[in-house]
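>>> With the input below, show me the fold.
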Amino acid sequence: MADSMAQYWQQLGEQRGLQIGEQRGLQIGEQRGIQIGEERGRSSQAREMLLAVLRTRFGEVPTEVLALVEKQDAPWCVAAVARMATAASLEELRD
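So this is what the prediction gives:
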């Protein structure tokens, strides 16, 4: 009987531990998902801002420049906006 009670409490403890671990894992996963979504949103907005500056300054943006911009993250795009605000040509984007 003592062994069965010990086994019962051990199983109950293991189940509770698994539940707690699963809840924590879900919370961490949700937080990470939110962070990734926010990062993607910032990058998307920064790319849009950069492309707007490029179109305003230089007219139609070549396909290869569009492809370059689409690969970049927010910090790169923000720095590029600052550079391109006074750039003489699109070539300066690649520097």
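>>> Just name the shakiest helix or strand of this protein by mean pLDDT.
Every helix and strand in the chain was compared by mean pLDDT, DSSP states H and E; the lowest is helix 2-58, with a mean of 86.
>>> what packs against the very next helix or strand once past that helix?
Once helix 2-58 ends, the next helix or strand along the chain (criterion: DSSP states H and E) is helix 63-70. Packing partners of helix 63-70 (3 or more C-beta pairs under 8 Å, 6 or more residues apart in numbering; DSSP states H and E): helix 2-58. Any C-beta I mention is one placed from the backbone N, CA and C, and that applies to glycine too.
>>> Off-centre distance for the helix it packs on?
12 Å (C-alpha atoms, centre = their mean, to the nearest Å).
>>> How about stretch 74-83?
On C-alpha atoms, centre = their mean, the centre of stretch 74-83 falls 17 Å from the chain's centre.
>>> how about that stretch as CSV, C-alpha atoms only?
Extracted in CSV, the C-alpha atoms of stretch 74-83 (Å, rounded to 0.1, in the frame of the first residue of the first chain):
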residue,chain,number,x,y,z
ALA,A,74,15.0,47.6,-40.2
PRO,A,75,18.3,49.0,-39.0
TRP,A,76,19.9,48.6,-42.4
CYS,A,77,16.9,50.3,-44.1
VAL,A,78,16.9,53.2,-41.6
ALA,A,79,20.6,53.8,-42.2
ALA,A,80,20.0,53.6,-45.9
VAL,A,81,17.2,56.2,-45.7
ALA,A,82,19.6,58.6,-44.1
ARG,A,83,22.3,57.9,-46.7
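>>> Much appreciated, bye for now.
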